[in-house]
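K.L.:
coordinates for the following, if possible.
(one chain, ligands or ions: 2)
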Amino acid sequence: MRSFSTLLLFVIFATTSVFAAKAYHNQVGFLPEASKKLVLEAGTASNVVFKDSNGTEKLSVKPSAIAFWEPAQDSVRLVDFSSLKTPGTYQAYQDNALISHPIIIQAKAWEAVTKASLKFFYFQRSSTALLKENAGIYARAAGHLDTAVQYHSELGKTTGKTFNGAKGWYDAGDYGKYIVNSGITTYTLLKLYEYNKAYFDSLRWNLPESDNATPDILDEIKWNLDWMLTMQDEDGGVFHKLTTKNFSGMVMPEKDKAIRYAIGKTTTATLNFAAVMALAGVVFWKIDNDYAKECVFAASKAFNWAKINPTEYYTQPSDVGTGTYGDSRASDERQWAAVELLRATGDSSSYWTDASTTPIASIPGWSYVAGLATYSIATAPHLFGTIATDAKTALLELADKLKNEADTSAYGISMTSSNFYWGSNSVAANQGMLLLHAYYVSGDTSYLTSAIQLADYLLGRNPLDLSYLTGSGVNSPKFPHHRPSAADNIADPIPGMLVGGPHSSGQDIASCQNVDYTVPNAPAKSFYDNVCSYATNEVAINWNAPFAYLIGSIQALSQNIPVWENLGLPTAPKIGKKKDPHFKRVLRNNRVRIEKTTSQGEVIYFDLQGNRE
Ligand code: G3I
Ligand code: 9MR
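P.N.:
Ligands and ions are numbered 1, 2, ... in the order given. I've put the predicted structure just below:
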């Protein structure tokens, strides 16, 4: 019988061990050959011991020296356990105290979250019911059929005229459909397929279309491309958004009965559309050639409208309160569209001459897309020659900056305080996408390793001990700002949704009954898992897309599936083959001009810069 004092010591020890230092790590799992790290609250420097499910010690690692991470105002230690590669479930201990969640190592550790983050888009489908066989408990009635969408008065259309704007994905936690955000999202998913074709050709996630011959990712993408095509006006211009005049309440789709309008027709939306449709033409070229040609033709029409209307920027009408996606700079969209159209058609004279030929490396976002053009230029030296070299140089310069930050950061990731703003988790995912492109063009796996750190951050290696993807990991957001999840009377939110993430702007505090959830100087901790917090806890298609890109690409790469299966550039489609009564390219006085026939039947001419002759 142990003496009372020994027993007391054991009890104290056992209870204090419950409050041991915490370890923050990817709560979903690790790929066997990938980098594996956990962050340890400062605490002691004792070795961290990794035990398998039998309690057998498999690895003992000395933590790094204490380091300060500014975005969280935390002092922590890093523990690198990358040498632990045998698939299995482990737990970490320090001084015999359990400090981690289960640590899962599996060959396909990231496949389930890849599928979940892509199934999110199915749950975002407008204009259709989600059936039980595909949506399970989240089955719902159809909302927003959008078969008779009105035109906002500022578009000057004939009163009472409507159009069919069906299909497409809801933007985020709201029921709006916005071209620029939808565009970068669709483009990112098209690129995910293009670079990992072999992996996604066979991946299925129980869509209504899963039994057909088309890969699920392309079936899903087409749901949105079909809608985007409805947003192109007869003259080639593209409407900015399709929404109600104001945000609906927190209701299910079928309960939102307000009239829906096309609102705005802008240069940024039109060029964004052109870039996406051009890439769609490349990707669908061998899968559905007629559809591919329709996409490329629509892209060319859009590009030409933007030549004639180069500065049509979005202004919110006074009677509209939905999202704006305002952007008064179209040079980046023009370069992006020109690059993608050149890639789709091989026709440099019609497009490339109208855009800047200086590639700029930057982390892409819905308002600044120059980085996407640089990805395409850097990976197509056969098309862009020395400009491709410039693009690669710029890309690797920025990637090196991110990699160096990750290699010296206390949390081992490239995110710094300045990256924490609305949608910060998408900044992390987009940094990962850039690092992957650096890996593609250089073959240097250190970029791949830096990208993996960002996926680990999003899935648990963060100061909030959160896997930011709903329904994944041990701790994940339970109350996202997402109308269907809030109104469906189901406790758990729809899974596979990446919430916007922490930042300190506090732009939604008034909507959160003035609860100030921000942590002074610690943007990485300023997060509120409450449905009111649309600034930190909303979900959005342009946040899930780079996440799916990051996690899906690394899963595919880990299986050594060729990254680069060039779909084979199509021979230049005969754009303009279909007679378009509104405008066409003509030779006039031996110079290429745009001939436009106005609705009054007048024939007018523009130069390629859109100047009226
Ligand atoms: O880019 C600057 C950064 O340089 C600066 O350091 C930082 C300081 O806080 O601000 C950054 O700009 C922020 C911008 O998002 C970044 O994309 C703005 O503050 C912030 O207000 C802006 O928020 C946008 C938000 O709408 C409000 O307009 C988000 O980007 C955008 O994703 C979000 O989009 C909404 C739609 O309108 C409606 N549907 C939901 C969707 C997601 O919340
Ligand atoms: O639900 C809206 C969300 O999609 C937007 O991102 C956010 C910012 O534009 O606005 C949300 O709508 C809120 C509105 O802005 C203020 N009143 C409460 C609305 C629902 O939270």
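K.L.:
now His503, nearest residue through space, not along the chain?
P.N.:
Across the structure, with CB to CB, 6 or more residues apart in numbering as the measure, the residue nearest His503 apart from its sequence neighbours is Phe420 (4.3 Å). Glycine gets a C-beta too; all of them are placed from N, C-alpha and C.
K.L.:
wait, the one you found sits on Ser504?
P.N.:
Yes. Phe420 is in contact with Ser504 according to CB atoms under 8 Å; the separation is 6.9 Å.
K.L.:
neighbour-wise, which of those two wins?
P.N.:
Between Phe420 and Ser504, counting by other CB atoms under 10 Å, Phe420 is the more crowded of the two (26 against 23).
K.L.:
how close does that one get to ligand 2?
P.N.:
Computed with CB to the nearest ligand atom, to the nearest Å, the distance linking Phe420 and ligand 2 is 17 Å.
K.L.:
next up, the contacts around that residue.
P.N.:
Neighbour list for Phe420: 71, 427, 501-504, 523-524, 526 [criterion: CB atoms under 8 Å, 6 or more residues apart in numbering].
K.L.:
again, 6 Å this time
P.N.:
Shown in contact with Phe420 (CB atoms under 6 Å, 6 or more residues apart in numbering): 71, 503, 523.
K.L.:
any idea which residue of the chain lies closest to ligand 1?
P.N.:
Residue nearest to ligand 1 within the chain (CB to the nearest ligand atom): Gly323, separated by 2.3 Å.
K.L.:
and for that residue, the neighbour number?
P.N.:
Counted by other CB under 10 Å, the residues lying close to Gly323 total 17.
K.L.:
my read: Ala274 touches Ala338, true?
P.N.:
No. Distance between Ala274 and Ala338: 8.6 Å, which falls outside the contact criterion (CB atoms under 6 Å).
K.L.:
higher neighbour count, these two?
P.N.:
A direct count of neighbours by other CB under 10 Å for Ala274 and Ala338 places Ala274 higher, at 33 against 25.
K.L.:
ok, and what's touching the helix or strand where that one lies?
P.N.:
Under the criterion of DSSP states H and E, Ala274 resides in helix 267-284. Residues outside helix 267-284 that contact it (CB under 6 Å, 6+ apart): 179-180, 183, 186-187, 190, 194, 225, 237-238, 240, 291-292, 295-296, 298-299, 302-303, 305-306, 309-310, 312, 327, 330, 333-334, 336-337, 340-341, 344.
K.L.:
what is the mean pLDDT for it?
P.N.:
Over the span of helix 267-284, the pLDDT mean works out to 97.
K.L.:
please identify the buried residues of that helix?
P.N.:
Counting neighbours by 16 or more other CB atoms under 10 Å, one finds that the buried residues in helix 267-284 are 267-284.
K.L.:
tally of neighbours for Gln507?
P.N.:
Here the count is done by other CB under 10 Å, and Gln507 has 14 residues near it.
K.L.:
actually, Ser202.
P.N.:
The tally of other residues near Ser202 (other CB under 10 Å) stands at 9.
K.L.:
where's it relative to Asn196, distance?
P.N.:
According to CB to CB, to the nearest Å, Ser202 stands 11 Å off from Asn196.
K.L.:
just Phe527 next, same as before
P.N.:
31 Å.
K.L.:
just want to know which of the two has more residues nearby.
P.N.:
Phe527 (29 against 26).
K.L.:
can you pull out the strands in the stretch 201-350 of the chain?
P.N.:
The residue ranges that make up the strands of the stretch 201-350 of the chain, judged by DSSP state E, counting those that start in this stretch, are 239-243, 261-265.
K.L.:
just name the most buried of those strands.
P.N.:
Of all the strands of the stretch 201-350 of the chain, strand 239-243 carries the top mean neighbour count, a mean of 28, counting by mean count of other CB atoms under 10 Å.
K.L.:
helices or strands up against that strand?
P.N.:
When contacts are defined as 3 or more CB pairs under 6 Å, 6 or more residues apart in numbering; DSSP states H and E, strand 239-243 sits against strand 261-265.
K.L.:
neighbouring contacts of the strand it packs on?
P.N.:
Outside strand 261-265, the residues that reach it (CB under 6 Å, 6+ apart) are 149-152, 237, 239-242, 314, 320.
K.L.:
now these in TSV, with pLDDT and distance to ligand 1?
P.N.:
What follows is the contacts of strand 261-265, written out as TSV (pLDDT from 0 to 100; distance: CB to the nearest ligand atom, whole Å):
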residue	pLDDT	distance to ligand 1
Val149	98	18
Gln150	98	20
Tyr151	98	21
His152	98	17
Gly237	98	21
Phe239	98	16
His240	98	12
Lys241	98	9
Leu242	99	12
Tyr314	98	11
Val320	98	12
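K.L.:
Thr357: which of the residues you listed is nearest?
P.N.:
Out of the contacts of strand 261-265, the one with the shortest distance to Thr357 is Gly237. That distance is 25.2 Å, counting by CB to CB.
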